[in-house]
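A.B. asks: Can you look at this prediction? I've put the sequence above it.
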Amino acid sequence: MENRNNVTVFILRGLSQNKNIEVVLFVFFLFCYIAIWMGNVLIMVSITCTQLIDQPMYFFLNYLSLSDLCYTSTVTPKLTTDLLTEPKIISYNNCMMQLFIMHFFGGIEILILTGMAYDRYVAICKPLHYPTIMSRQRCNRTLMACCTGGLLHTASQFLLTIFLPFCGPNEIDHYFCDVYPLLKLACTDTYKIGLLVIANSGLIGLITFVILMVSYCLILYTIRVYPAESRARGLSKCSSHLTVVVLFFVPVLFIYIRPNVTFPEDKVFSLFYTIIAPMFNPLIYTLRNLEMKNAIRKMWYPQMTLERKRVL
């Protein structure tokens, strides 16, 4: 990748200029990153090694966890090490690579969440046709479409950024390389490019979020006539996914749906979809999901499960 301008490195301002606060944040984000790895690996192993992998919902959840790991690993390790170093430097090439990888897995995550919402819609609104509609072949095609969509999304973001001239200054007011902070440093008029970013990230995020909300409105409309027990079971299965959607999409829309401007609050909102949501996803899907908890018990505590069956 040839840099056609005189900027070879960027300086990341990070989250704080206070050393004491940075040490506290280092401990906190290190804990978050360890929790992300432990929780998502636990989910992936528990799904892959049990019969849950045959169910479409958990098939998508398995790849959502993998996407979470890859997505947060493009940002969190660099963030935690930068909290203890000065200056916080990232090369031009690594900056562009971070931008590409982050939007690739971010796009995949958005589309997988959409696929999971469709799975819940079919399961609740069209239960008799569920095995046919959500066949393994259909799930595989959906996953391939998610990867293709993520690649198209990040390729367009990358191409909008890679040809920008950077003449200085080279200080990014963020803790990772993202489109809007980079547009702010470009030595050219970026108004039209900012509109293309809104069309790419903002509108895609908004349209996807609206589709997700419509699907859940249809689900709620369908289960209103269910018996109380069936209605509670259906709501329980959907509430976990809806919580993940809100945690991820609200900050994304706050940042990418507006014109090419940056606010100090952007860094705080970015933490939700780069670190907080990937950390809470495993907790949400395990603590609020009986099938997931049973699979974890069978996988990691087989003796306890066997003794419980004998007692029963």
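C.D. replies: That came through fine.

A.B. asks: for stretch 77-89, the distance to its chain's centre please.
C.D. replies: In terms of C-alpha atoms, centre = their mean, to the nearest Å, the centre of stretch 77-89 is found 22 Å from the chain centre.

A.B. asks: Now do that stretch, average pLDDT.
C.D. replies: Across stretch 77-89, the average pLDDT comes to 90.

A.B. asks: Just the buried positions in it, please.
C.D. replies: When neighbours are counted by 16 or more other C-beta atoms under 10 Å, the buried residues of stretch 77-89 are found to be K78, L79, T80, D82, L83, K88. (C-beta placed from N, C-alpha, C; glycine too.)

A.B. asks: Need the max-distance pair from the residues you listed.
C.D. replies: Greatest spatial distance in the buried residues of stretch 77-89: T80 and K88, 11.4 Å, computed using C-beta to C-beta.

A.B. asks: Surely I296 touches L42?
C.D. replies: Yes. I296 is in contact with L42 according to C-beta atoms under 8 Å; the separation is 6.8 Å.

A.B. asks: my guess is F26 meets L83, correct?
C.D. replies: Yes. Under the criterion of C-beta under 8 Å, F26 makes contact with L83 at 4.1 Å.

A.B. asks: What distance do you get for P181 to L79?
C.D. replies: With distances defined as C-beta to C-beta, to the nearest Å, the gap from P181 to L79 amounts to 14 Å.

A.B. asks: nope, M292 is what I meant
C.D. replies: On the measure of C-beta to C-beta, M292 and L79 end up 29 Å apart.

A.B. asks: do L182 as well
C.D. replies: When C-beta to C-beta is applied, the distance between L182 and L79 equals 17 Å.

A.B. asks: what are the phi and psi angles of H174?
C.D. replies: Backbone dihedrals for H174, given as degrees, to the nearest 10, come out at phi -160, psi 180.

A.B. asks: ok but C167 is inside a helix, no?
C.D. replies: No. Residue assignment for C167, taken from DSSP: H, G, I helix; E, B strand; the rest coil, gives coil, which places it outside any helix.

A.B. asks: how many neighbours does it have?
C.D. replies: 12 (other C-beta atoms under 10 Å).

A.B. asks: What strand or helix carries G149?
C.D. replies: helix 136-162 (DSSP states H and E).

A.B. asks: quick one: that helix to chain centroid distance?
C.D. replies: Averaged over its C-alpha atoms, helix 136-162 has a centre that lies 14 Å from its chain's centre (C-alpha atoms, centre = their mean).

A.B. asks: Surely I211 and G115 touch.
C.D. replies: No. Counting by C-beta under 8 Å, G115 is not a contact partner of I211; they are 11.1 Å apart.

A.B. asks: who's more crowded, the two?
C.D. replies: Taking other C-beta under 10 Å, I211 and G115 do not tie; G115 has more neighbours (22 against 13).

A.B. asks: Could you find the closest non-adjacent residue to the more buried one?
C.D. replies: In space, G115 comes closest to T142 once its chain neighbours are excluded; the distance is 4.8 Å by C-beta to C-beta, 6 or more residues apart in numbering.

A.B. asks: so how many other residues sit close to that neighbour?
C.D. replies: When neighbours are counted by other C-beta under 10 Å, T142 registers 21.

A.B. asks: Please tell me how far it sits from V250.
C.D. replies: When distance is defined by C-beta to C-beta, T142 is 24 Å away from V250.

A.B. asks: Cool, thanks, talk later.
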